[in-house]
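Asker: need coordinates for the following:
(one chain, ligands or ions: 2)
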Amino acid sequence: MPPDTTLTELHGWRAGLLWFPDPQTPLAQHETDGLLVTGRSADGIARVVAIGPYASIKESFIDLPITHWPGLCMAPGFVDLHTHYPQTDVIGSPADGLLPWLEHYTFPHEKQFSDPAYAHEVSAFFLDELMRHGVTTALCFATAHPESVDVFMAEAQKRHLRMITGKVLQDRHSPDGLRDTDTALSLRQTEALIARWHGVDRLGYAITPRFAPTSTPDQLHGAGEIAQQFPDVWIQSHVAENIDEIRWVHELFPEARSYLDVYDRAGLVRQRAIYAHCIHLDETDRRHMAEAGASAAVSPTSNLFLGSGFFDYAASDTAGLRYGLASDVGGGTSFSPFHTMHAAYTVARQTLEIAGIGRPGFSLAPEHLWWQHTAGAAAALDLGGKVGNLLPGCEADFVVLNPKATPLLARRTAQTETLAEWLFAMIVLGDERLVAHTVVQGQAVSDNRA
Ligand code: GUN
Ligand code: ZN
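Answerer: Residues are numbered from 1 along each chain as shown. Ligands and ions are numbered 1, 2, ... in the order given. Sure thing, here's the model as predicted:
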């Protein structure tokens, strides 16, 4: 291919490198002395231009300014498939499961986001915290207040981040101050926010019914009509997380075959629809999601914390259901992709009771865990080739890891013999101290060693 002469700001980054040569396959490639070349395209987005061993690539780029990080390793920025920025201060609120947790902590807290100044302060903290942890793309809930979307989008835009969010739709079974009192207005607000933000810079909009119990059928169907009108807008919600929640959904929607079917009847199961949790689905649901192109956001720290259950990896693979990892802050207990990957490993190890028979757990491979939080999550979002990987053409968002960040990490990673062992040591022992730098759009924006 001839060199792209429209590229500006060509820059080289020399360090170790980790990426996924085939984004569909959770097999990573690792170079100990790698070179990543980035440049800004005519559309203003910084992208990867070349990747590979330093010795073989450097000759193709004369006079390239190079940042050298000896001993560190560059890897794709993490993709968080489901989180809630307004729940930053809800983390660690104990409750007897999902519904009491929503009623006693989460709903009262989210009411505060009617105040744009408050929403602004939390947005800024949340986005900085994401970057400190190496997360550069997230699909994120706002609250029912349209202003909570505006301030989050503006803060993400300021940081040049690829973020997707949406106003939460909830017009029943919610307290005053958080409930949409006018269903038609809530849908018009959604359309106005799509017009204002979707596709602006790297921002995207997600139609966001909170979950079936807090939306009337009218609101769900209205959301489905908007989803049909804007096929490249995302949809995000929760499904089949908790047994009491599912019982409630069956009472509210007796005509539906399953919880997922409530969304399906409203036209909300399609490509770019991401459903958090997907724990208590049956085979029909999993297959239907797979055929429709919808994806699951696996949130293991949340599922363990709230006692919701365990995501069934084997059944999801059999059905061909796409999935990726998610923090689900604040049901989830950490912003750290390392904690989430570690929890996913723990969840897959559990024996699952299926039709009264125990099915033994298994060990998810470290590369697979990493893929679920990068290239796999990007594919689930329909953003494969854009984020979550470092192949040429991908957007220039990456993390720079220091495997010697703590005495124990230094000691343990020095003793590993294979790539899988090395990655697994970081997954089990890692947190934000591992993330020496986060680079967004070719600019180091966060330096945890400073
Ligand atoms: N179901 C409906 N709302 C929520 C939420 O905020 N968090 C989780 N984990 N589940 C939900
Ligand atoms: Zn959630």
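Asker: tell me where the model's unsure across this protein.
Answerer: 1-5, 446-450 (pLDDT under 70).
Asker: what residues does it put near ligand 2?
Answerer: For the chain, the residues in contact with ligand 2 (Cβ under 5 Å from the ion) are Ala276, Asp328. (C-beta placed from N, C-alpha, C; glycine too.)
Asker: one more pass at 6 Å, please.
Answerer: His82, His84, His238, Ala276, Asp328, Gly331 (Cβ under 6 Å from the ion).
Asker: how about the strands of the stretch 151-300 of the chain, start to end?
Answerer: 162-166, 168-169, 204-209, 234-239, 273-277, 295-298 (DSSP state E, counting those that start in this stretch).
Asker: got a markdown table for these, with distance to Val48 and mean neighbour count too?
Answerer: Formatted as a markdown table, the strands of the stretch 151-300 of the chain follow (distance: least, Cβ to Cβ, whole Å; neighbours: other Cβ atoms under 10 Å):
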| stretch | distance to Val48 | mean neighbour count |
| --- | --- | --- |
| strand 162-166 | 14 | 26 |
| strand 168-169 | 35 | 27 |
| strand 204-209 | 20 | 26 |
| strand 234-239 | 24 | 26 |
| strand 273-277 | 25 | 27 |
| strand 295-298 | 24 | 28 |
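Asker: quick one: closest of these to ligand 1.
Answerer: Taking Cβ to the nearest ligand atom, strand 234-239 is the member of the strands of the stretch 151-300 of the chain nearest to ligand 1, at 3.9 Å.
Asker: neighbouring contacts of that closest one?
Answerer: 82, 139, 141, 164, 166, 204-212, 223, 227, 259-260, 263, 268, 270, 272-278, 281, 297, 381 (Cβ atoms under 8 Å, 6 or more residues apart in numbering).
Asker: so where do the helices sit in the stretch 251-400 of the chain?
Answerer: 259-265, 283-292, 300-305, 313-319, 337-349, 366-372, 375-380 (DSSP state H, counting those that start in this stretch).
Asker: out of the ones you listed, which is the most enclosed?
Answerer: helix 375-380 (a mean of 28; mean count of other Cβ atoms under 10 Å).
Asker: taking the chain, what residue is nearest to ligand 1?
Answerer: Closest point on the chain to ligand 1, by Cβ to the nearest ligand atom, is Gly331, at 3.4 Å.
Asker: circling back to that earlier point, can I get the strands of the stretch 151-300 of the chain in a markdown table with distance to Thr183?
Answerer: Below are the strands of the stretch 151-300 of the chain laid out as a markdown table (distance: least, Cβ to Cβ, whole Å):
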| stretch | distance to Thr183 |
| --- | --- |
| strand 162-166 | 16 |
| strand 168-169 | 9 |
| strand 204-209 | 11 |
| strand 234-239 | 16 |
| strand 273-277 | 21 |
| strand 295-298 | 26 |
